[in-house]
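Enquirer: Need coordinates for the below:
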Amino acid sequence: MSALIASTPLSFLDRSRTREGHDAPEALRDTVAMARDVERLGYHRFWVAEHHGVPGVAGSAPTVLAAAVAAATRTIRVGTGGVMLPNHRPLVVAEQFGVLESLFPGRIDMGLGRSVGFTDGVRKALGRDKDDAEDFAGQLADLLGWFRGTSPTRVHARPPEGLTVPPFVLATGEGALVAADAGLPLVVGDFRGRERMLRAIDRYREAFRPSEWAAEPHVTVSGTVAVAATEEAARRLLVPEAWSMAYSRTHGTFPPLLPAEHVEELWAAGRMTEKERGFYESGLRGHVYGTEEQVTEELETLLKESGAQEILVTTSTYDRTALLDSLRRLARLAGRTAP
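Expert: Numbers count the residues shown, from 1 in each chain. So this is what the prediction gives:
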């Protein structure tokens with residue numbers, strides 16, 4: 001067991017990925033079931049994501065899904081990774097998290113991002129465009145003001161006013177500076193862009209301004225981690241998502257996850273285009289995967305390089321039984337569960 005990893009909280013982000021032969025409602029129910037499993041394994045947080053109009057992702061309403069997860073669990077912290085603030089009015093977001101915190105006091109996290117819709121059509125349906133992300137800092141200030149009763153309007157938000165829901169900023173690049181200026185914890189990923197991630201963390205720490213929300217910088221590193229009995233078995237957990245990403249980059253749409261063996265058949269039969277093959281191979285690189293010993297070494301290096309206080313695992317794969325086994329092994333190497 002690694003003392004460094006054992007002292008670092010482990011959390012999990014479930015993106016509610018759909019799988020071939022399984023519909024979106026089943027993906028959402030799987031997310032709730034996974035939350036119960038992750039809680040039993042001793043993970044610190046369970047977060048859900050926001051995606052709109054993406055065929056391979058069922059999670060479109062994160063605060064609604066977070067409520068279902070919180071109701072199905074007892075102790076684990078529940079939150080969003082994240083609510084995309086440019087898509088919503090800050091007052092409405094504050095009210096949603098105020099309701100969540102009122103129903104599940106002391107267990108709710110408010111993870112916030114600055115992305116807008118995946119495509120022009122989605123952005124149009126949301127009534128947003130790419131420029132809406134530019135005022136993220138202002139939207140964030142408005143949102144936090146509703147919790148502290150400092151909104152310049154004469155409106156008082158009920159129930160968020162007076163409540164404390166820990167806010168987190170999901171960001172890379174400029175978003176990290178927004179988190180630093182607001183004095184908020186930063187969630188940054190993914191592991192494939194290690195140098196970029198480390199630069200964002202350095203800028204965040206250098207620019208951090210203490211606030212009532214956080215007295216000092218707090219960094220969570222986020223990315224794919226896969227653990228199995230063999231390195232090859234762990235690598236196969238990455239295959240479905242790598243192909244889904246490759247397909248999305250060449251066809252403009254996210255497909256449901258395929259079983260690893262189906263993707264490997266496409267590869268072996270030469271049924272991937274050269275461009276698809278390139279994106280697929282790229283999608284398999286840069287993640288943390290392998291046996292428990294290999295992953296321990298990789299995570300220790302990551303934690304030493306980043307100085308992060310928390311790890312947020314975001315792994316998606318077709319075989320949810322194998323994913324749960326991976327999470328169990330990760331918890332075990334961190335001393336969260338008995339061998």
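
Enquirer: list the buried ones in the strand or helix carrying Ser326?
Expert: Assessed by DSSP states H and E, Ser326 sits inside helix 320-333. Residues of helix 320-333 classed as buried by neighbour count (16 or more other C-beta atoms under 10 Å): 320, 322-323, 325-333. Every C-beta, even on glycine, is put in place using the N, C-alpha and C of the backbone.

Enquirer: Arg332 touches Glu292, doesn't it?
Expert: Yes. Checked against C-beta atoms under 8 Å, the pair Arg332 and Glu292 is within contact range at 7.2 Å.

Enquirer: quick revisit: give me the helices and strands touching the helix holding Ser326, please.
Expert: Contact here means 3 or more C-beta pairs under 8 Å, 6 or more residues apart in numbering; DSSP states H and E; on that basis helix 320-333 packs against strand 10-14, helix 24-40, strand 225-227, helix 231-251, helix 292-306.

Enquirer: Turn these into a markdown table, including distance to Pro86.
Expert: What follows is the helices and strands packed on helix 320-333, written out as a markdown table (distance: least, C-beta to C-beta, whole Å):
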| stretch | distance to Pro86 |
| --- | --- |
| strand 10-14 | 20 |
| helix 24-40 | 24 |
| strand 225-227 | 29 |
| helix 231-251 | 21 |
| helix 292-306 | 27 |
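
Enquirer: Single out the most deeply packed of those.
Expert: Mean neighbours per residue, mean count of other C-beta atoms under 10 Å, is largest over those for strand 225-227, with a mean of 27.

Enquirer: so how far is that one off the chain centroid?
Expert: 15 Å (C-alpha atoms, centre = their mean, to the nearest Å).

Enquirer: Mind listing the strands that strand pairs with, and their directions?
Expert: Note on strand 225-227: by DSSP bridges, its sheet partners are strand 288-290 (parallel).

Enquirer: Any chance you could list what contacts the strand it pairs with?
Expert: 191, 223-228, 231, 234-235, 237-238, 295, 298-299, 302 (C-beta atoms under 8 Å, 6 or more residues apart in numbering).

Enquirer: quick one on the thing from earlier: Ser282: which of the helices and strands packed on helix 320-333 is closest?
Expert: Between Ser282 and those, the shortest gap by C-beta to C-beta is with helix 231-251, which sits at 7.9 Å.

Enquirer: Tell me the helix or strand right after that closest one.
Expert: helix 260-268.
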